[in-house]
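Participant: With the sequence up front, the predicted model follows.
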Amino acid sequence: MEAIEPLARRYCERALDQLVGSSRFDFIADLGAQIPMRTIGYLLGIPEEGQQAVRDNTNQAIGLKDSSGYAVSENAFENSYQLFADYIEWRAEHPSDDLMTQLLNAEVEDEGEIRRLTRTEVLMYTSMVAGAGNETTTRLIGFIGALLSDHPDQRRELVADPGLIPGAIEEVLRYESPSPVQARYVAHDVKCWDQAIPEGSIMLLLNGSANRDERHFPDGERFDIHRRGAHLSFGQGLHFCLGSAMARMQARVATEELLKRWPDWEVDYSNAEMAHTSSVRGWGKLPATFS
């Protein structure tokens, strides 16, 4: 993350500088949908000219047309995997200082034998990082824009003291989790709160609800950038989000660069729209006006 942060910041600066002087800005179209794609591209070693295709494939894979079903073509997931498979083969011939090259060269112990990761294993890892990281961070940046618009006094505190921004990001994650539910497969019989749950069950964990549990978060329905305490938006335990450090870094950089240029804004909710996806929650369109 230390190596990638300057690249993410430079992209953010380029994207925002061209909007200085304008009176309107869309948190999703102008930044939120762009910076995650770029950052993941830097991490994986996908050239800039191919990064938009990654974003487009993610949209096709999880987008819904309406409440009745998917807008996804039957071959959307196949196309997505093929895109990454092609990049993996290209990177195998053109190694670089990136995660994809490291995965191609990684060795693991498997039943007492040392071996390289298979192409399928590399493919599954890279496509998971790209798909999950693109969409959730986009929604996180949208929630930052909305919540700081709705709470101008707290936004002005961040302008006066940027050192508060990391804590504010954690409160946004708690208050409006981009991934508010987590599914788990039950590997063996277990009891949870005196409820017997048999092996093979599927559980849907409502972490978005838990993040506002008054027993853990006093006055949990109130947004407060000074709040402290762990949230569940990145999961917990063995399944803790692999991309949490990357999401936090992108959100912090985006917030820092936004507040440098525009200390005041107001979201135009009359023209805003929520995203309609199969797995995450957040704004799909979030225009704002600058003061």
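Facilitator: In hand now; what should we look at?

Participant: if I read this right, residue 13 contacts residue 257, doesn't it?
Facilitator: Yes. Here residue 13 lies in contact with residue 257, judged by C-beta atoms under 8 Å, at a distance of 6.2 Å. Using the backbone N, CA and C atoms, a C-beta is placed for each residue, glycine as well.

Participant: Compare the two and say which is more crowded by neighbours.
Facilitator: residue 257 (20 against 14; other C-beta atoms under 10 Å).

Participant: Quote the end-to-end distance of stretch 262-271.
Facilitator: Counting by C-alpha to C-alpha, to the nearest Å, you get 20 Å between the two ends of stretch 262-271.

Participant: Please identify the buried residues of that stretch?
Facilitator: 262, 265, 267-268 (16 or more other C-beta atoms under 10 Å).

Participant: Next, format those as CSV and append secondary structure and distance to residue 90.
Facilitator: Below are the buried residues of stretch 262-271 laid out as CSV (DSSP: H, G, I helix; E, B strand; the rest coil; distance: C-beta to C-beta, whole Å):
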residue, secondary structure, distance to residue 90
262, coil, 39
265, strand, 41
267, strand, 41
268, coil, 42
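
Participant: Residue 143: which of those is nearest?
Facilitator: Nearest to residue 143 among the buried residues of stretch 262-271: residue 267, at 11.0 Å, using C-beta to C-beta.

Participant: Now distance to residue 154 and pLDDT too, for the buried residues of stretch 262-271, in CSV please.
Facilitator: Below are the buried residues of stretch 262-271 laid out as CSV (distance: C-beta to C-beta, whole Å; pLDDT from 0 to 100):
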residue, distance to residue 154, pLDDT
262, 15, 95
265, 13, 96
267, 15, 98
268, 20, 97
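
Participant: List just the nearest of these to residue 7.
Facilitator: Of all the buried residues of stretch 262-271, residue 262 has the smallest distance to residue 7: 22.7 Å, by C-beta to C-beta.

Participant: residue contacts, that closest one?
Facilitator: If you count contacts by C-beta atoms under 8 Å, 6 or more residues apart in numbering, residue 262 has them with 25, 290-291.

Participant: who wins for most neighbours among those?
Facilitator: When neighbours are taken as other C-beta under 10 Å, the top entry among the contacts of residue 262 is residue 25 (21 neighbours).

Participant: Next secondary structure element downstream of the helix or strand encompassing it?
Facilitator: According to DSSP states H and E, residue 25 maps onto strand 24-26. Per DSSP H and E, the first helix or strand lying C-terminal to strand 24-26 is helix 35-44.

Participant: Could you give the average pLDDT over that next one?
Facilitator: For helix 35-44, mean pLDDT is 86.

Participant: And for stretch 280-291?
Facilitator: Stretch 280-291 shows a mean pLDDT of 93 in the predicted model.

Participant: for it, which positions count as buried?
Facilitator: 280-284, 286-288, 290.

Participant: can you list contacts of that stretch?
Facilitator: Under the contact criterion C-beta under 8 Å, 6+ apart, stretch 280-291 has outside partners 22-29, 32, 62, 135-136, 138-140, 142-143, 145-146, 149, 176-180, 208, 262, 264-268, 271-276.
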